[in-house]
Each structure stands twice: as structure tokens, then as C-alpha cells.
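> based on what follows, work out the 3D shape:
(2 chains)
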Amino acid sequence: MTDRPTKQGRRHRASRRGGFQPRAIIAVAVAWLFLWDRITWGNIVNGLIVGLVVTLAFPLPSIEFAGHPRPLRVAHLILRFFIDLVVASIQVTRLAFSPKRPRNAVIEVPLRSRSDFYLTITAELNALVPGSVVLDARRSTSTLFLHLLDVGRPGAIEEGRAHVYRVEERVVRALGSDEEIADLERRKREEELA
Amino acid sequence: MTWSTVLDAAGGVCLLLGAFMCLAGAVGLVRFPDTLSRLHAATKPQTLGLILVLMGLSLTLRTWAAVTTLVFVGATQFFTSPVTAQLVGRSAYRHRNVRTDLLIVDELSEALARDGGADGDGDGDDARPPASPDAPGPLQP
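Numbers count the residues shown, from 1 in each chain, chains lettered A, B, ... in the order given. Okay, here's the model as predicted:
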């Protein structure tokens, strides 16, 4: 908790930085090439122009990202995500065809990391995995509110909560800097002691 | 059995499975009791269904032009579907369109009651807790 003021200060600076965003422009240009299916100089130039116009017309705060992706762990994250997606789909499918009426819950999960980036990724991944849909997110405390489907059996709510933490840990381990991973480990130990 | 028959067959299986997943999502959308449960049906089987249909298409079409477009469609789905679900869920919650009798635990209402709906972002989107289900009030001004 002691590092929060500095992080917020940094986030504030980042949210003011708009204007020229080369990475976003390149991303839009790549998307443009995907749409046109052909790599020609005309398409590349047009893509860059579209990227420039889009980033200038709809400026977004650029995301604070201090870490670096680790290919093996990213692959693990993606693989686990697909397994989760399949499990989730089977669960919802079974429920859709069964006469049972699901018992649900809305839970609050304060994340261990403090970053818009990890909050966003964790929320995105959790929206598509078994039994949870993100209802609300709070940037100020990195808290997610999730709707859990079919948690009538005992222990299911705690399981859902633990799952969010597992996804977050996977995300930070795959994309975070050493410092952020150590931070997460420390927080986890503190919680285990508490 | 040639290589292309195998790919065609695999593509066909993917297309069928994907179509079934989309059907399951639709059935869930109709049969689930409230908005929040329906969001589950609208996001998960539907996303997997689309991915399977896209995989089936790329296995049967087998041209790079098609594959790149299909990858792009899939990626767009991954980024937009959770966002849509969250926005729908959030507005359903704020407009008291929630069956609270189906919830065992509701920590969002507790959190909203605790700090009066202010989420501390300062971005002016503070929420209000839903009232009891038998008083479906008018939309918030």
C-alpha cells in the first residue's frame, strides 16, 4: 500500500499524455493490412494515415506498461484461457438445456496488482472464463465486481474468487516486470499470513 | 484419403460444433431468468462458437487472404465481447434490472452502500445500489 501515491502520480501523468502514439498507429496499420489481405505500399501508407487520423481523433490515455512479455508464460496464459473458455462454454451449454434454475452471486475482488493494464487484461480474461462476467471495475482500488453463474453448491463462491486471483497471477507473471512479480508475491504472502 | 479431404472433414466438424455452441448461447439467452445470467450465455458459448466457425472456415477455404481476415474477426470478438458484457451488466445493475432473489451474495450493493456509490475515480460514473426487486423504479435521471 505504501507505493500507491507514486503510482497514482505516474498514472496521472500518463493519462495526460495524448497526441502522437506511434505504437497505436502501427497497430491500426497492421489491422488495416489484415482487412485488405494484401501487403502493398499503398495499403501500408493508407494504414498509417488511418492510424494517425484515428489516434488524433480519438486520443486514449497511453497505457503504463513497465514489464516485458515472457513468451513461454504468455503461451501458458493463452492455452489456459482457451481451456477455460471451452469449460465455460460447456458449463453454460449444460445449464441452458437443464431445467435447473441457477443460483448466482455478485462478488467483489480487490486485485493484488495496481495497474490499469493488468486490471483490464484480468477483467477481459475473466469475462470469458467459467461462471463469471465482470459487472463493474474500479480503477482507484483495482477492484473487480463479478457476477458468478450457478454457485449454489458450497465453496463455489470462494472458488470463483480464487480463480480471479489465479488469472491475475498468470497475467502478471506473463507480462510484468520482475519488480511487479515480486510485489505480487509479497502481497500474496501477506494475505496468507493475515 | 487425401490431405484436403482430412482438412475439409475437420473444417466441417468445426463448423457444426461452432453452430451448436451458438445455438446453445441462444437457448441460454431465452431460458435464463435474468439479464445477468443471460450475459453468460451471450458471451461464452457464443465466443467459442464463433471461434470454431472461423476455424472451420479457414480449414475449408485454405487461403491466406481468408485466414488473415478471420483471425482479425476473432480478435475483434475477443476484445469487444467482454466490454459489451460489462457495459450491459453495469447498466442493468444501475437501472435495478437485477433479480436480487437469485443472488446468494451481493457484494456490489454492499460496496455501493458502504461508500454511497462513489467509486473514487472522479470520472463521474458513480453508481447507485439497486432497490428491492419489487420496486422497479424509473430510470435514473
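> enumerate every residue touching the residue nearest the centre of chain B.
The centroid of chain B falls nearest to residue B:43 when counting by CA atoms, centre = their mean (2.2 Å). The contact partners of residue B:43, by CB atoms under 8 Å, 6 or more residues apart in numbering or on different chains, come to A:127-128, A:133, B:81-82, B:85. All C-beta atoms are positioned from the backbone trio N, CA, C, and that covers glycine.
> min pLDDT across these, which one?
Across those, the bottom pLDDT score, 74, is held by residue A:128.
> can you give me the distance of residue B:87 to chain A?
10 Å (CB to the nearest CB, to the nearest Å).
> quickly note the distance from that residue to residue B:94.
Noted for residue B:87: a distance of 11 Å to residue B:94, by CB to CB, to the nearest Å.
> can the helix ranked longest in chain A be found next to chain B?
Taking DSSP state H as the criterion, chain A has its longest helix at helix A:71-97. Yes - contact of helix A:71-97 with chain B (CB under 8 Å from any CB of the partner chain) involves A:85-86, A:88-89, A:91-93, A:95-97.
> for the helix ranked longest in chain B, name the packing helices and strands.
For chain B, the longest helix by residue count, based on DSSP H, is helix B:64-94. Contact here means 3 or more CB pairs under 8 Å, 6 or more residues apart in numbering or on different chains; DSSP states H and E; on that basis helix B:64-94 packs against helix A:22-36, helix A:116-127, strand A:132-138, helix B:35-61.
> contacts for the shortest one?
Strand A:132-138 has contacts (CB under 8 Å, 6+ apart) with A:106, A:119, A:123, A:126-127, A:143-149, A:160, A:163-164, B:36, B:39-40, B:43, B:82, B:85-86, B:89-90, B:93, B:108, B:119-121, B:127.
> what's the angle from that strand to helix B:35-61?
Counting by axes from the mean of the first three to the mean of the last three CA atoms, to 10 degrees, strand A:132-138 lies at 120 degrees to helix B:35-61.
> listing partners with orientation, what would you give for strand A:132-138?
Strand A:132-138 has its sheet partners listed here by DSSP bridges as strand A:143-148 (antiparallel).
> how about the next helix or strand after the partner strand and chain B, touching?
Sequence-wise, the next helix or strand downstream of strand A:143-148 (DSSP states H and E) is helix A:156-175. Yes - for helix A:156-175, a contact with chain B is found by CB under 8 Å from any CB, at residue A:157.
> list the buried residues in helix A:156-175.
A:156-157, A:160-161, A:163-165, A:167-175 (16 or more other CB atoms under 10 Å in any protein chain shown).
> for stretch A:107-119, same thing?
Buried, per 16+ other CB under 10 Å, within stretch A:107-119: A:107-109, A:111-119.
> between the residues you listed, which is nearest residue A:60?
For residue A:60, the nearest member of these is residue A:116. The distance, counting by CB to CB, is 11.1 Å.
> just to check, the closest one is in contact with residue A:139?
Yes - Residue A:116 lies in contact with residue A:139 (CB atoms under 8 Å); the separation is 6.2 Å.
> narrow the contacts of residue B:43 to just the buried residues.
Buried among the contacts of residue B:43 (16+ other CB under 10 Å): A:127-128, A:133, B:81-82, B:85.
> adding distance to residue A:60, write those out as JSON lines.
Output for the buried ones among the contacts of residue B:43, formatted as JSON lines (distance: CB to CB, whole Å):
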{"residue": "A:127", "distance to residue A:60": "20"}
{"residue": "A:128", "distance to residue A:60": "23"}
{"residue": "A:133", "distance to residue A:60": "24"}
{"residue": "B:81", "distance to residue A:60": "20"}
{"residue": "B:82", "distance to residue A:60": "17"}
{"residue": "B:85", "distance to residue A:60": "21"}
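> which two from those residues end up farthest apart in space?
Top of the distance list for these (CB to CB): A:133 and B:81, 10.3 Å.
> and for these two, which residues touch both?
In contact with both residue A:133 and residue B:81: A:127, B:43, using CB under 8 Å, 6+ apart.
> any stretches of chain A with poor pLDDT?
Scanning chain A for pLDDT under 70 picks out A:1-19, A:62-64, A:130.
> of all residues in it, which one is nearest the centre?
residue A:121 (0.8 Å).
> which residue ranges make up each domain of chain A?
Here the domain parsing of chain A from automatic domain parsing is A:18-57, A:71-193.
> highest average neighbour count across these?
domain A:71-193 (a mean of 18; mean count of other CB atoms under 10 Å in any protein chain shown).
> tell me the contacts of the closest residue to residue B:38 other than its chain neighbours?
Sequence neighbours aside, residue B:32 is the residue nearest to residue B:38 in space, at 4.8 Å (criterion: CB to CB, 6 or more residues apart in numbering or on different chains). By CB under 8 Å, 6+ apart, the residues touching residue B:32 are A:95-96, A:102, B:38, B:40-41.
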